[in-house]
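> Sequence unavailable; structure follows:
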C-alpha cells in the first residue's frame with residue numbers, strides 16, 4: 001500500500017486519535033491488540049507505524065487523519081518530532097521547515113545566525129531567506145548581534161522564526 005492509497009477514511013477506520021497519539025481501532029493483521037497505542041520511535045527520532053508492511057511517520061498519518069490531505073512537507077511547530085498533537089503540525093515548504101530549526105551543531109557562537117570571526121574580532125550576523133543570503137553586519141557587542149539576528153528572523157522567517 002502506498003501513500004496514494006492511504007486515505008483519511010481508511011485511517012479513520014483503523015485508528016482512533018487522542019492527545020497526539022494514534023490507537024488501533026481495527027487491527028486486521030497489523031497490531032497486537034485493539035486499543036494499543038501505535039508506533040515506535042525510529043532511529044531518526046520520529047514515531048513510525050507499520051501498515052501493510054510499510055512504515056509511515058505518525059505525524060503524517062495524524063495530519064492526513066484530520067485534514068484529509070498530505071502535504072509534501074510537515075513541520076512540528078515546537079520542533080519536537082514526538083509532539084504529534086494536530087495543533088503542533090502545519091504544512092510547510094522545505095525552506096520554512098529549515099527556518100524552524102534550532103541552531104546547527106557546528107555553530108561556533110552558541111547563537112543562531114551568528115558566527116565569531118576571529119580575524120575581525122567581531123560577531124557576524126547572516127540570515128538566509130527565500131534562497132537569498134542577507135549579511136546584517138559585524139558587531140563587537142554580542143548582545144547587539146543577538147538582537148539583530150532575532151529581529152531579522154522575525155522579519156524574514158515570520159511564524160517559522162526560532163531563536164534558540
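Cool, got the structure. Just so it is clear, the model here is predicted, and its values are computed rather than measured.

> Please, where are all the helices along this structure?
With helices called from DSSP state H, the chain shows them at 8-14, 58-67, 94-99, 142-157.

> Report all helices and strands that the last one contacts.
Meaning helix 142-157. helix 94-99, strand 114-117, strand 122-129, strand 132-139 (3 or more Cβ pairs under 8 Å, 6 or more residues apart in numbering; DSSP states H and E). All C-beta atoms are positioned from the backbone trio N, CA, C, and that covers glycine.

> Who are the packing partners of the worst-scoring helix or strand of the chain on mean pLDDT?
The least trusted helix or strand in the chain, going by mean pLDDT, DSSP states H and E, turns out to be helix 94-99, with a mean of 78. Applying 3+ Cβ pairs under 8 Å, 6+ apart, one finds that helix 94-99 makes contact with helix 142-157.

> contacts for the helix it packs on?
96, 99-100, 109, 111-114, 123-125, 127, 129-130, 134, 136-137, 139, 161-163 (Cβ atoms under 8 Å, 6 or more residues apart in numbering).
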